[in-house]
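1. let me see the structure of the following:
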Amino acid sequence: MTELNLVDQVHVEHVHKRQFRYYNLMVIGAMCFASMGMGYSASIIGTTLAQPSFLHYFKLDTRSDALSLISTMNGLFQAGAFFGSIGINVVADKFGRKMSITIPCILVLISGACLAGSVNVGMFIAFRFFSGMGSWWLLGAVPVWMSEVTPPKNRGMLVDCHSAALLFGYVSASWVGAGFYFYRPAANNQWRAPLGFQCFPVFVALCFMYWLPESPRWLLQNDREEEARRVLLKLHDRDEADLELQQIRNQITVDNRLEQSWMSLLTKPSYRKRTYITVGLSFGIQMTGVLVINNYGPTIYASLGLDTSQQLVYQGGFNTLAFGCGILAIFVVDRFPRQKLMSIGTAVVLATLVIEAALVASYPPTATQNPHALKAALAMIYLYIAFAELLLDGTQYIYFSELWPNHLRAKGMTIAMATIALVNIMWLQVAPTAFANIGWKFYLCFIIPGYIFAVCCWIFFPDTRHLALEEIAAIFGDADEIYRAPLEATKISLDMAGKSEHSEDV
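-> Below you'll find the model as predicted:
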């Protein structure tokens with residue numbers, strides 16, 4: 001049997017015999033509480049900024065520097081996100097994937113309580129930083145763990161549960177914020193409770209953490225083979241668990257001989273290509289403006305002539321639609337090539353922004369003068385998020401986690417989350433001023449570079465769908481490194497068997 005045939009046999013056998021178990025669903029579902037906590041804490045600022053009691057308490061309705069303070073609330077959240085993304089690699093590689101989820105859960109829990117209890121604007125802004133750190137740490141750490149405990153043929157569907165849970169957190173934040181707007185206590189502090197509720201999902205995740213499995217890949221990387229075997233036996237049947245254990249073991253043998261430094265991400269061609277793709281994808285999808293439109297949704301609705309209660313209701317509808325489309329995306333993501341799904345998704349969501357910009361530019365934003373134009377503009381915002389969640393949001397996190405080999409996956413996710421955070425610092429910091437001064441022209445900042453990304457994604461990005469994590473390296477020219485160890489192991493086994501037979505004959 002030739003080496004090529006042996007590689008093909010290992011590849012086909014591994015993919016087609018992999019078993020799916022309900023245990024996979026249970027552990028993914030439990031970890032989704034951490035994802036939900038991230039979504040809630042990231043989204044709650046949208047409805048909080050529309051609460052009259054919040055604006056009055058911090059005097060944001062009268063202060064001359066109100067726009068600057070609101071920008072800082074969002075900007076510091078993203079600054080915290082940048083530092084949180086660094087923790088993904090530092091903690092995940094040294095202390096384990098579970099620990100890299102536990103620490104940010106604690107950060108979100110503590111910062112959520114302090115945000116709800118803030119007594120001045122300085123305290124609120126400071127804990128927005130820590131909330132951003134914990135939230136975005138979770139954003140990257142959870143899909144790393146999920147990708148390493150799920151089978152290739154179902155990985156897209158199961159890891160996309162992370163995105164669906166994020167969106168459920170967004171939905172919850174929107175409707176909780178809207179509900180408390182209509183609750184008028186004597187103390188006029190209804191803005192506090194919605195901020196405090198972000199503690200609940202991460203607390204539940206922390207309660208489950210003891211029973212959730214550690215990544216078998218990380219366990220083997222740290223010479224804990226028996227623990228890894230026990231985890232794999234829970235995830236697959238015995239034959240498949242043994243097969244995956246051998247493949248991971250062989251891969252780690254190779255990993256230990258490979259460069260693992262940050263500098264190697266730029267000096268080694270296959271790693272450099274991954275780095276360029278990761279940065280490009282992070283930058284490109286954020287250039288569609290998805291976080292700006294979510295965080296400043298009430299501001300956008302106000303510019304269309306809606307009052308505060310209508311702004312909150314439409315924001316709730318926006319995130320509810322996003323959640324529904326995120327659920328549908330679970331059943332779509334594995335049916336099409338990853339890069340084509342993201343390229344088409346980018347082009348479609350930008351098309352809705354083009355129409356939105358044209359409507360706002362052509363008609364005054366008042367519901368009484370142009371009711372049909374208002375309805376069309378609102379429809380475009382809703383179509384925007386529908387396509388973004390169906391085609392883009394979950395797919396990007398799956399792609400990030402699949403793109404990198406085991407020994408560099410946490411570093412790769414760190415690069416992705418840090419890039420997203422840096423791009424969002426820029427957009428969220430300038431958005432209030434931009435909406436106030438240039439209005440619809442701000443959309444052009446997303447449309448032009450976004451279409452450039454869509455073309456590049458279609459042409460240059462590879463498809464990683466349905467491939468085992470140890471097999472994706474072949475796309476980047478690492479095939480020899482990935483398969484050399486299994487081939488050598490097979491040859492050694494055959495040689496030993498031949499010698500044994502020869503001894504018996506003698």
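2. residues contacting the residue lying closest to S270 once chain neighbours are set aside?
-> Nearest non-adjacent residue to S270, counting by C-beta to C-beta, 6 or more residues apart in numbering: F476, 4.1 Å away. In short, each C-beta sits where N, CA and C put it, glycine included. The neighbourhood of F476, defined by C-beta atoms under 8 Å, 6 or more residues apart in numbering, consists of S270, K273, R274, P462.
3. can you rerun that using 10 Å?
-> 268-274, 277, 403-405, 462, 482 (C-beta atoms under 10 Å, 6 or more residues apart in numbering).
4. so it versus Q251, what's the distance?
-> F476 sits 14 Å away from Q251, going by C-beta to C-beta, to the nearest Å.
5. give me the low-pLDDT residue ranges for the stretch 301-450 of the chain?
-> Residue ranges of the stretch 301-450 of the chain with pLDDT under 70: 364-369.
6. what ranges do the helices span in it?
-> 308-330, 338-362, 371-387, 394-403, 409-437, 444-460 (DSSP state H, counting those that start in this stretch).
7. these: which one's closest to L219?
-> Nearest to L219 among the helices of the stretch 301-450 of the chain is helix 409-437; the distance by C-beta to C-beta comes to 14.4 Å.
8. low-confidence regions, the chain specifically.
-> Applying pLDDT under 70 to the chain picks out residues 1-20, 152, 186-187, 295, 364-369, 469-470, 479-506.
9. among the contacts of F476, which are in helices?
-> Residues of these located in helices (DSSP state H): P269, S270, Y271, R272, K273, R274, I277, L403, I482.
10. just name the closest of those residues to F33, please.
-> In terms of C-beta to C-beta, no member of the ones in helices among the contacts of F476 lies closer to F33 than L403, at 26.1 Å.
11. and the closest residue to the closest one other than its chain neighbours, how many neighbours?
-> Of all residues not flanking L403 in the chain, R274 sits nearest, at 5.6 Å (C-beta to C-beta, 6+ apart). By the criterion of other C-beta atoms under 10 Å, R274 has 26 neighbours.
12. so how far is P405 from R274?
-> According to C-beta to C-beta, R274 and P405 sit 9 Å apart.
13. joint contacts of these two?
-> Shared contacts of R274 and P405, defined by C-beta under 10 Å, 6+ apart, comprise G412, I472, A473, F476, D478.
14. and those, which of them are in helices?
-> Those of these lying in helices (DSSP H): G412.
15. got TSV for the shared contacts of R274 and P405, with distance to W218 too?
-> What follows is the shared contacts of R274 and P405, written out as TSV (distance: C-beta to C-beta, whole Å):
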residue	distance to W218
G412	15
I472	18
A473	18
F476	22
D478	20
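16. now do the same contact list for M342.
-> By C-beta under 10 Å, 6+ apart, the contact list for M342 reads 281, 284-285, 336, 391-393, 395-396, 399, 453-454, 457-458, 461.
17. ok, those vs Q310, which is closest?
-> Nearest to Q310 among these is D393, at 25.7 Å by C-beta to C-beta.
18. quick check: the closest one touching L328?
-> No: using C-beta atoms under 10 Å as the test, D393 is too far from L328 to be in contact (11.8 Å).
19. so between those two, which is more surrounded?
-> Under the criterion of other C-beta under 10 Å, the comparison of D393 against L328 puts D393 first, with 24 against 14.
20. quick check: closest non-adjacent residue to the more buried one.
-> Spatial nearest neighbour of D393, excluding adjacent residues (C-beta to C-beta, 6+ apart): S163 at 5.3 Å.
21. picking up where we left off before, just the buried residues of the ones in helices among the contacts of F476.
-> The neighbour count (16 or more other C-beta atoms under 10 Å) marks S270, Y271, K273, R274, I277, L403, I482 as buried among these.
22. could you tell me the angle between the helix or strand S43 falls within and helix 394-403?
-> Take DSSP states H and E as the rule and S43 turns out to sit in helix 22-48. In terms of direction (axes from the mean of the first three to the mean of the last three C-alpha atoms, to 10 degrees), helix 22-48 departs from helix 394-403 by 130 degrees.
23. buried residues in helix 22-48, which are they?
-> 24, 27-28, 30-48.
24. repeat that for stretch 353-363.
-> Burial within stretch 353-363, assessed by neighbour count using 16+ other C-beta under 10 Å, is assigned to L353, E356, A357, L359, V360, Y363.
25. looking at those residues, which is nearest T62?
-> Nearest to T62 out of the buried residues of stretch 353-363 is V360 (C-beta to C-beta; 28.1 Å).
26. now do the contacts for the closest one.
-> Residues in contact with V360, defined by C-beta under 10 Å, 6+ apart, are I300, S303, L304, A373, L374, A377, M380, G439, W440, K441, Y443.
27. got the contact list for the helix or strand encompassing the first one?
-> It stands for I300. Using DSSP H and E, I300 falls within helix 297-303. Applying C-beta under 10 Å, 6+ apart, the contact partners of helix 297-303 are 43, 46-51, 70, 174, 177, 292-294, 296, 306-308, 310-316, 318-319, 356, 360, 365, 377-378, 381, 385, 431-432, 435-436, 439-440.
28. now, of these, which are buried?
-> For the contacts of helix 297-303, a neighbour count by 16+ other C-beta under 10 Å gives the buried set as 43, 46-51, 70, 174, 177, 292-294, 296, 306, 311-316, 318-319, 356, 360, 365, 377-378, 381, 385, 431-432, 435, 440.
29. thinking again about what came up before, how about CSV for the ones in helices among the contacts of F476, with distance to I344 added?
-> Formatted as CSV, these follow (distance: C-beta to C-beta, whole Å):
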residue, distance to I344
P269, 29
S270, 27
Y271, 28
R272, 27
K273, 23
R274, 23
I277, 18
L403, 19
I482, 30
